[in-house]
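Undergrad: predicted structure and sequence below. I'll ask about it afterward.
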Amino acid sequence: MAAGTRTQTTSIQELVDRMLSGDRAAASRLMTIVENRRTGYREAMRLLMPHTGRAQILGVTGPPGAGKSTLVNELIKAYRQEGKTVGVVAVDPTSAVSGGALLGDRIRMLSYYQDPGVFVRSMASRGQLGGLAAATVDVARVLDAMGREVVVIETVGVGQDEVSIAGLADTTLLVEVPGMGDDVQAIKAGVMEIADVFVINKADREGADRLANQIKTVMRLLPQAEDAWIPPIVKTVAADGTGIPELLAAIAKHQEYLSAEDRLEKQRRARLQTEVLDRARDLALRRILSRVEQSGELSRVLNDLQARKIDPATAARMLVDDGQ
Amino acid sequence: MVAKSPSELDEQVASSEAGRKIRVLIAKPGLDGHDRGAKVIARALRDAGMEVIYTGLHQTPEMIAEAALQEDVDAVGLSILSGAHMALFPRVMEELHKRGLNDVIVYAGGIIPDDDIPAIKEMGIAGVFGPGTPMQEAVRFVQENVQPRHSMEEED
């Protein structure tokens, strides 16, 4: 049988119906369609959206080697014990050279292969049309629509993209480890602001207390609103489960905080605004680009700019206003 | 550094998105003690621009099929050294079929005697690569056997 019969003979509507009735292969295929934004993407999202918004979305981010996958595995175990279904989107970096990727996060999450209540999907970090954050959140939406009660998004927290993904979660865990050489650097990288819970993993290593103190110090420097959430610091050793109950309690407490005073709805609204504006910006830019290229306006403007007849700000305005 | 013109950038985008990235699961069924070969092939496929999911040693047929389902892969490469291929491969195929994954290309590599190859192909395993197979041959096999699934029109 030729590759692709599953979609060639199946409409998006059928795939969505099958997914909603619990067909995991249909869900998996929908994830591929939304990740790649290919034929069927718009229809898939239109049909999926009404079924989303019910999952609790957890973001897990931190530097490579912090033990994120092992920690996520512990979270899966704990939520399964509570009887909750879990979905995971694990993002790994794409090689800048080949465009390929080696996705190995599953290795640490294998204990649940026979448990239909767990679904793990790996994603590569580059090459998505419209950006990684949008693709990741769309894949997470399929898991949400499937009825997963908890959806975990795991990313390497090094770039802006990853920070923006973490920003899409209801609760974001920032995982650090002691003794990585440049503790302060890890904290300075602009990811502090997104943490709802700090996790010091591998806390049996030397320097865990020092790292905790550094985090506290940096946190004091951040602007704090009156009733702002103060991110707790939880020490864990994910490899043996130490500190996982405390971590779950910290997450639950943040959820409680969010559920009070309509905070969750406000936060989600703000995030949807960011998402839709990002998408609108991408769309507008691509439309402008294709128009000014075809009309030759881009090359004319560049000529004038290079000859110093106009300035870059004027050039940009000319491109945007061209044809309006 | 000369900045790329928009049309060059577009071409780059077009070529990288001409097809969705090929996704391959590299799996090690059974009790093999090491996975050197599997890792080498995983890297070669990655270097050829594919997305490779690797799940480590000691996989049961159920685990392999379930990973193939959840990751929606185009191909599954089975790497085996232990000699248990005639027992494990049919079970992998059965588990894949059970999940409706009839369109996934399955191929195998490792220590596999030539005499077993016809029977393995009979199981629906499309390619068998023994020791000494040039890496490029295995890569080409995946590139040539995975077909685009559906219309790849971009939607935003």
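TA: Perfect, I can see it now.
Undergrad: please name the nearest non-neighbouring residue to residue A:204.
TA: residue A:237 (5.1 Å; CB to CB, 6 or more residues apart in numbering or on different chains). Any C-beta I mention is one placed from the backbone N, CA and C, and that applies to glycine too.
Undergrad: and for residue A:64?
TA: Here the residue nearest residue A:64, using CB to CB, 6+ apart, is residue A:156, at 5.6 Å.
Undergrad: so that neighbour makes contact with residue A:101?
TA: No - the criterion here is CB atoms under 8 Å, and residue A:156 misses it with residue A:101 at 11.8 Å.
Undergrad: tell me which element residue B:41 falls in.
TA: helix B:36-47 (DSSP states H and E).
Undergrad: could I get the average pLDDT for that helix?
TA: When pLDDT is averaged along helix B:36-47, the result is 91.
Undergrad: tell me what the helix or strand following it is packed against?
TA: Downstream of helix B:36-47, the first helix or strand assigned by DSSP H and E is strand B:51-54. Judged by 3 or more CB pairs under 8 Å, 6 or more residues apart in numbering or on different chains; DSSP states H and E, the packing partners of strand B:51-54 are strand A:101-103, strand A:118-124, strand B:23-27, helix B:36-47.
Undergrad: now with 7 Å, please.
TA: strand A:101-103, strand B:23-27, helix B:36-47 (3 or more CB pairs under 7 Å, 6 or more residues apart in numbering or on different chains; DSSP states H and E).
Undergrad: out of those, which is the most enclosed?
TA: Counting by mean count of other CB atoms under 10 Å in any protein chain shown, strand B:23-27 has the highest mean neighbour count of the helices and strands packed on strand B:51-54, with a mean of 27.
Undergrad: what is the mean pLDDT for that strand?
TA: 95.
Undergrad: by contact count, what packs against it?
TA: helix B:36-47, strand B:51-54, helix B:61-71, strand B:75-80.
Undergrad: next, format the ones you listed as CSV and append distance to residue B:29.
TA: Shown next, in CSV, are those (distance: least, CB to CB, whole Å):
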stretch, distance to residue B:29
helix B:36-47, 11
strand B:51-54, 13
helix B:61-71, 6
strand B:75-80, 6
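Undergrad: which of these sits closest to residue A:279?
TA: Among the helices and strands packed on strand B:23-27, strand B:51-54 comes nearest to residue A:279, with 23.8 Å by CB to CB.
Undergrad: now the common contact residues for residue A:156 and residue A:101.
TA: Counting by CB atoms under 7 Å, 6 or more residues apart in numbering or on different chains, the contacts common to residue A:156 and residue A:101 are residue A:93.
Undergrad: residue A:58 should be in a strand, yeah?
TA: Yes - the assignment for residue A:58 by DSSP: H, G, I helix; E, B strand; the rest coil puts it in a strand.
Undergrad: now it. Nearest residue, chain neighbours left out?
TA: In space, residue A:58 is closest to residue A:152, 4.8 Å off (CB to CB, 6+ apart).
Undergrad: next one: residue A:168
TA: residue A:137 is the one closest to residue A:168 (CB to CB, 6+ apart), at 4.9 Å.
Undergrad: okay, the one you found: pLDDT?
TA: 91.
Undergrad: name the helix or strand for it, please.
TA: Per DSSP H and E, residue A:137 falls inside helix A:132-145.
Undergrad: run the angle between the helix or strand following that helix and helix A:132-145 for me.
TA: Note on helix A:132-145: by DSSP H and E, the next helix or strand toward the C-terminus is strand A:150-156. Compare the direction of strand A:150-156 with that of helix A:132-145 by axes from the mean of the first three to the mean of the last three CA atoms, to 10 degrees and you get 160 degrees.
Undergrad: who does strand A:150-156 pair up with?
TA: strand A:56-62 (parallel), strand A:86-92 (parallel) (DSSP bridges).
Undergrad: hmm, who's touching that strand?
TA: A:55-61, A:64, A:68-69, A:72, A:75, A:79, A:84, A:86-91, A:93, A:105, A:136, A:140, A:143-144, A:162, A:165-166, A:169.
Undergrad: OK, contacts around the closest residue to residue A:297 other than its chain neighbours?
TA: Spatial nearest neighbour of residue A:297, excluding adjacent residues (CB to CB, 6+ apart): residue A:322 at 4.7 Å. By CB under 7 Å, 6+ apart, the contact set of residue A:322 is A:292, A:295, A:297.
Undergrad: same deal with residue A:275?
TA: Residue A:275 sits in contact with A:134, A:137, where contact means CB under 7 Å, 6+ apart.
Undergrad: state the pLDDT value of it.
TA: Residue A:275 is given a pLDDT of 87.
Undergrad: so for the helix or strand where it lies, what gets flagged as buried?
TA: Under the criterion DSSP H and E, the helix or strand holding residue A:275 is helix A:263-295. Counting neighbours by 16 or more other CB atoms under 10 Å in any protein chain shown, one finds that the buried residues in helix A:263-295 are A:264, A:271, A:275, A:286, A:288, A:289, A:292.
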